[in-house]
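S.K.: have a look at this fold, sequence not included:
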């Protein structure tokens, strides 16, 4: 547990099942959705019981958006995104989490949204060169030991 | 034009067509989507040419999230939301805009997302008591003259 996280924070079981844990920012855990159809990253603030962005304290909100903007800047660059979809939905998983989805004009859901459209296509190996490059370039990020 | 807005900011035609203009925060215009199926509000930063959140300057990003959190807090309270969906998608309308959608466990799209699911149901009159209450309670908000 990091000193900043609330002591009773536990990652929601659905996120554990659906994602690869990549590491931690000062506020958030970074996950990769196990769906090779889209480069799809999720930030989860390590704060127990928070469901909505506006329920975070003002310093935590500022930190969330710093981490989100840093991640987004690198996603746009490394993945050559046509568009980023950044969204807090949470209808199924109430624990606050923020999607960052790289979109391309020729991806299978374009121009629609990706939620609820298709079954995920699990990765054979997500830790390709682009992902490694992303993890190395993220500021103030502590990567999990990579396989 | 407000002094803070960039001189060449023009609201995207699709947003003009689909929404009611409600007024302005220091950074963003506030719109109401003309779909009575969901209380659905949109913040549009008055910055020309910006497509992604991370392209905003750091002070503008901080202001966006202050305006978003203030709006969200009141939406949760006044509309008794079960959940808020806060999202920057922009696959169809490239101008940066941030959705704030009040969700209920018995709304027609729950637990799915609302984008691309159903045709909108236009309002007979959106300016009901809850909307007027919202506009009166928003901090640092300049409402358009109400009808």
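M.R.: Sure, I can see it. Predicted model only: the values in this text are computed from it and were never measured.
S.K.: every contact and neighbour count from this point should use C-alpha atoms.
M.R.: Fine.
S.K.: what segments of chain A are helices?
M.R.: Listed in chain order, the helices of chain A (DSSP state H) span A:13-18, A:58-78, A:129-137.
S.K.: who's the residue of chain A found nearest chain B bridged to?
M.R.: Of all residues in chain A, residue A:87 sits closest to chain B, with a separation of 4.0 Å (Cα to the nearest Cα). Beta-bridge partners for residue A:87, by DSSP bridges, are residue A:99, residue B:87.
S.K.: hang on, it packs against residue B:97?
M.R.: No - the criterion here is Cα atoms under 8 Å, and residue A:87 misses it with residue B:97 at 11.8 Å.
S.K.: so for these two, which sits in the more crowded spot?
M.R.: Between residue A:87 and residue B:97, counted using other Cα atoms under 10 Å in any protein chain shown, residue B:97 has the larger neighbour count: 26 against 19.
S.K.: who's in contact with the more buried one?
M.R.: Residue B:97 sits next to B:42, B:43, B:44, B:45, B:88, B:89, B:90 when contact means Cα atoms under 8 Å, 6 or more residues apart in numbering or on different chains.
S.K.: for it, give its distance to residue A:31.
M.R.: From residue B:97 across to residue A:31, the span is 25 Å (Cα to Cα, to the nearest Å).
S.K.: got it, and residue A:109?
M.R.: 21 Å.
S.K.: give me the more crowded residue out of those two.
M.R.: With neighbours defined as other Cα under 10 Å, residue A:109 and residue A:31 compare such that residue A:31 has more, 22 against 16.
S.K.: let me see the mean pLDDT of stretch A:9-27.
M.R.: For stretch A:9-27, mean pLDDT rounds to 97.
S.K.: what's next to it, contact-wise?
M.R.: Here stretch A:9-27 has contacts from A:4-5, A:29-34, A:45-49, A:60, A:63-64, A:67, A:93, A:95, A:140-144, using Cα under 8 Å, 6+ apart.
S.K.: now do stretch A:69-87
M.R.: By Cα under 8 Å, 6+ apart, stretch A:69-87 touches A:39, A:98-105, A:130, A:133-134, A:137-139, B:52-54, B:85-91.
S.K.: can you pull the buried residues of it?
M.R.: For stretch A:69-87, the neighbour count (16 or more other Cα atoms under 10 Å in any protein chain shown) marks A:69-76, A:81, A:83-87 as buried.
S.K.: relative to the whole chain's centre, how far out is that stretch?
M.R.: Remark: stretch A:69-87 is offset 11 Å from the chain centroid, using Cα atoms, centre = their mean, to the nearest Å.
S.K.: span of it from start to end?
M.R.: For stretch A:69-87, the end-to-end distance is 13 Å (Cα to Cα).
S.K.: in stretch A:89-105, what counts as buried?
M.R.: So for stretch A:89-105, counting by 16+ other Cα under 10 Å, buried means A:89-91, A:95-104.
S.K.: CSV for the residues you listed, including pLDDT?
M.R.: As requested, these are exported to CSV (pLDDT from 0 to 100):
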residue, pLDDT
A:89, 98
A:90, 97
A:91, 96
A:95, 98
A:96, 98
A:97, 98
A:98, 98
A:99, 98
A:100, 98
A:101, 98
A:102, 98
A:103, 98
A:104, 98
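S.K.: how about the strands of chain A, start to end?
M.R.: Under the criterion DSSP state E, chain A carries strands at the ranges A:19-24, A:28-33, A:40-45, A:83-88, A:98-103, A:142-143.
S.K.: what sits up against the lowest-mean-pLDDT helix or strand in chain A?
M.R.: Sorted by mean pLDDT, DSSP states H and E, the helices and strands of chain A end with strand A:142-143, the least confident at a mean of 94. Contacting residues not belonging to strand A:142-143 are listed as A:22, A:23, A:24, A:25, A:135 [Cα under 8 Å, 6+ apart].
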